[in-house]
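S.K.: Sequence unavailable; structure follows:
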């Protein structure tokens, strides 16, 4: 099982930026894609972005396109989520995920991190 460790969350004002990081460790041989989901208490988890680790193909949810960018550093087994122009509605716990393919679907990801809280004040 791949272990995922997120960092970079925090409290910011609307319009600010944050960068989340996620480091993968353990048996990563089948780890071909990584991504981010987010969840607000009482709501379903929402796909944010995903990336293939080999060539860096990305997917971004419509709600974050143009503001968030996912990237990866293969050598460091790290994925980043650069979040710009943050809005109060971006407030959520952000989870790093790992799986064998890039997808919008939760079920495609085998491994999940513990999550990092992002709070955006108005």
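M.R.: Looks like it came in fine. Just so it is clear, the model here is predicted, and its values are computed rather than measured.

S.K.: contacting residues for residue 3?
M.R.: Taking C-beta atoms under 8 Å, 6 or more residues apart in numbering, we find residue 3 in contact with 24, 25, 26, 111. Yep, even glycine has a C-beta here, placed from its N, CA and C like the rest.

S.K.: Just the ones of those in strands?
M.R.: Using DSSP state E, the members of those that fall in strands are 24, 25, 111.

S.K.: Filter those down to the buried ones and express that as a PyMOL selection.
M.R.: To isolate the buried ones among the ones in strands among the contacts of residue 3 in PyMOL, judged by 16 or more other C-beta atoms under 10 Å, type:
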select buried, resi 24+111
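
S.K.: For the contacts of residue 3, point out the one with the lowest pLDDT.
M.R.: Minimum pLDDT across these is recorded for residue 26, with 83.

S.K.: my guess is that one meets residue 1, correct?
M.R.: Yes - because the distance of 6.2 Å satisfies C-beta atoms under 8 Å, residue 26 is recorded as touching residue 1.

S.K.: quick one, which of the two is more surrounded?
M.R.: residue 26 (13 against 8; other C-beta atoms under 10 Å).

S.K.: Contacts only, for the more buried one.
M.R.: Residue 26 makes contact with 1, 2, 3, according to C-beta under 8 Å, 6+ apart.

S.K.: 6 Å instead?
M.R.: The contact partners of residue 26, by C-beta atoms under 6 Å, 6 or more residues apart in numbering, come to 2, 3.
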